[in-house]
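> have a look; sequence and predicted model below, questions after that.
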Amino acid sequence: MAKQQKIKDKTGEGKESSKSLSGREVVNALVESFVGRTGARGEVTQVIVKILSGRNESRSMRRNVKGPVKIGDLLTLRETEIEAQRLRGNRGGGRGRGS
């Protein structure tokens, strides 16, 4: 005969992590300036935004935005702790690198 498998009750598990992410408030930010394009095909725009509310109010930070964006746009951010990495001046991609 086969062993009887133990079945965990998963009704309460996993809700803590999703609750902590969705439980936080969203924050509005205003696009102040355009830094540059990033991504493999330039599909992401890096911008400087100013946080309008929340714990980090009036803080300026760098964010990556996918899709059309212009100065003065209002973004809704899920979190304001993590800032995007700076763009490097010398991208150097493509062929001819090292050969």
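Structure received. Numbering: from 1, shown residues only.

> now for Val27: which residues touch it?
Ile51, Leu52, Ser53, Gly54, Asn56, Thr76, Leu77, Thr80 (CB atoms under 8 Å, 6 or more residues apart in numbering). C-betas here are computed from N, CA, C, even on glycine.

> 6 Å - rerun?
Counting by CB atoms under 6 Å, 6 or more residues apart in numbering, Val27 makes contact with Ile51, Ser53, Gly54, Leu77, Thr80.

> wait, which of these is closest to Glu32?
Distance to Glu32 across the contacts of Val27 (CB to CB) is lowest for Ile51, with 10.7 Å.

> so what's the closest one scoring on pLDDT?
With respect to pLDDT, Ile51 scores 96.

> thought it was touching Arg59?
Yes - contact status for Ile51 versus Arg59: in contact at 4.9 Å, counting by CB atoms under 6 Å.

> now, the contacts of Val27 that are in helices?
The helices, defined by DSSP state H, take in nothing from those.
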